[in-house]
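Asker: Below are the sequence and a predicted model for it; my questions follow.
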Amino acid sequence: DSGVTQTPKHLITATGQRVTLRCSPRSGDLSVYWYQQSLDQGLQFLIQYYNGEERAKGNILERFSAQQFPDLHSELNLSSLELGDSALYFCASSVVEGAPTDTQYFGPGTRLTVL
Amino acid sequence: AQSVAQPEDQVNVAEGNPLTVKCTYSVSGNPYLFWYVQYPNRGLQFLLKYITGDNLVKGSYGFEAEFNKSQTSFHLKKPSALVSDSALYFCAVRVLTGANNLFFGTGTRLTVIP
């Protein structure tokens, strides 16, 4: 158990809908990363937050957004969902703001299925 | 720019035999390399990392990895494979700009045959 929690575990929804994925980082970790794992794209970095502020974006679609709250939990919002958004979404946390030597610890993921 | 290659999609090894999962990398500057394992219906679990120093890095569950700068490789190894080691293994390199996020390889599925 990494100490990173994600809810829900599974989410099934229809095209065009909007969903929210939630992540609680390990105690003491200030940095949260979101990744998407799909069969065709592999594991891709989406976005990073540090202590409530957005720090960097990766391959994140404009339909997707995220935020980190004062209690440091983070939410990933996916809107106007398409079939291709079906994937496993991971949250990872680390102590500091992305130091190269820092280890990221991953949550169990949320499996999103768009029908 | 950085990249990671895991040349083998699938590796099969007999239980008790040594295992190797290959990874090569390309980075500008110092490489910060990581191995993660993903069991079915589970998240990614951190195994080990190379930052600097000794080229042989020891990690969790008896795994180790050998950093080879001249060959730009960071192969994962274990002296004696267990059936429970069967999983998906990812090599990753740290991106040294922006978010310093992890850039992952495509993964290697390891199957340990009883």
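Answerer: It's in.

Asker: List the contacts of residue 45.
Answerer: Unless you meant another one, I'm taking chain A. Residues in contact with A:Phe45 (CB atoms under 8 Å, 6 or more residues apart in numbering or on different chains) are A:Tyr33, A:Trp34, A:Tyr35, A:Gly58, A:Asn59, B:Val95, B:Ala99, B:Asn101, B:Leu102, B:Phe103. From N, CA and C alone the C-beta is placed, and that goes for glycine too.

Asker: nope, chain B
Answerer: A:Ser2, A:Phe106, B:Tyr36, B:Val37, B:Gln38, B:Tyr39, B:Ser60.

Asker: Please tell me the pLDDT value assigned to the first one.
Answerer: Meaning A:Ser2. The predicted structure scores A:Ser2 at 87 on the pLDDT scale.

Asker: How about the contacts made by the closest residue in space to it that isn't next to it in sequence?
Answerer: In space, A:Ser2 comes closest to A:Tyr105 once its chain neighbours are excluded; the distance is 4.2 Å by CB to CB, 6 or more residues apart in numbering or on different chains. By CB under 8 Å, 6+ apart, the residues touching A:Tyr105 are A:Ser2, A:Gly3, A:Val4, A:Arg26, A:Asp29, A:Ala92, A:Ser93, A:Ser94, B:Phe46.

Asker: Nearest to B:Ser73 among those residues?
Answerer: B:Phe46 (19.9 Å; CB to CB).

Asker: and the helix or strand of chain B with the lowest mean pLDDT, is it in reach of chain A?
Answerer: Within chain B, confidence by mean pLDDT, DSSP states H and E is lowest for strand B:102-104 among all helices and strands, at a mean of 91. Yes: contact of strand B:102-104 with chain A (CB under 8 Å from any CB of the partner chain) involves B:Leu102, B:Phe103, B:Phe104.

Asker: Out of those, who's the most crowded?
Answerer: The residue in the residues of strand B:102-104 next to chain A with the most neighbours, by other CB atoms under 10 Å in any protein chain shown, is B:Leu102 (26 neighbours).

Asker: one step back: closest to chain A among the residues of strand B:102-104 next to chain A?
Answerer: B:Phe104 (4.0 Å; CB to the nearest CB).

Asker: Report how many residues lie close to the closest residue in space to the closest one that isn't next to it in sequence.
Answerer: Distances taken as CB to CB, 6+ apart place A:Leu43 nearest to B:Phe104, at 4.0 Å, with adjacent residues excluded. Residues near A:Leu43, counting by other CB under 10 Å, number 23.

Asker: which is the next helix or strand following the host helix or strand of A:Leu43?
Answerer: A:Leu43 is part of strand A:42-50, with elements assigned from DSSP states H and E. The helix or strand immediately downstream of strand A:42-50 is strand A:53-57, counting by DSSP H and E.

Asker: Neighbouring strands of the least confident helix or strand of chain B in the sheet, and parallel or not?
Answerer: strand B:87-94 (antiparallel) (DSSP bridges).

Asker: In the partner strand, which residues are buried?
Answerer: The neighbour-count check on strand B:87-94 (16 or more other CB atoms under 10 Å in any protein chain shown) flags B:Ala87, B:Tyr89, B:Phe90, B:Cys91, B:Ala92, B:Val93, B:Arg94 as buried.

Asker: So B:Ser84 belongs to a strand, correct?
Answerer: No: under DSSP: H, G, I helix; E, B strand; the rest coil, B:Ser84 sits outside any strand and is assigned helix.

Asker: Now do the same for it: its pLDDT.
Answerer: pLDDT, read off for B:Ser84, is 95.
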